[in-house]
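1. coordinates only, no sequence provided:
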């Protein structure tokens, strides 16, 4: 993993920790941490998804408007990082 990828994941961990209702430290989140669903420690819901999408728009200038695509992108920190890298929004 490159330094840029590592920095992006760390930034995303801080963003998720700051914008969810759960008390969790960014360093406690795994890179492949599921954000939603039954396997998720965070148990994020649709309001959390909205908060995260607004925080992503502010931090990276991306808008997540399609609900199916948003669910796929926000499935894990890895997916989110890949999405941002693919759109040239990382680093």
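-> Great, that's in hand. Because the structure is predicted, anything quoted here is derived from the model rather than measured.
2. show me what the lowest-mean-pLDDT helix or strand in the chain is packed against.
-> Least confident element among the helices and strands of the chain, by mean pLDDT, DSSP states H and E: helix 67-73 (a mean of 89). Applying 3 or more Cβ pairs under 8 Å, 6 or more residues apart in numbering; DSSP states H and E, one finds that helix 67-73 contacts helix 46-60, helix 77-86. Every C-beta, even on glycine, is put in place using the N, C-alpha and C of the backbone.
3. can we see that at 6 Å?
-> helix 77-86 (3 or more Cβ pairs under 6 Å, 6 or more residues apart in numbering; DSSP states H and E).
4. and residue 32, that one's in a strand?
-> No. Assigned with DSSP: H, G, I helix; E, B strand; the rest coil, residue 32 falls outside any strand and is coil.
5. surely it meets residue 78?
-> Yes. With contact defined as Cβ atoms under 6 Å, residue 32 and residue 78 form a contacting pair (5.1 Å).
6. neighbour count winner among those two?
-> residue 78 (16 against 10; other Cβ atoms under 10 Å).
7. which pLDDT value goes with that one?
-> You'll see residue 78 listed with a pLDDT of 94.
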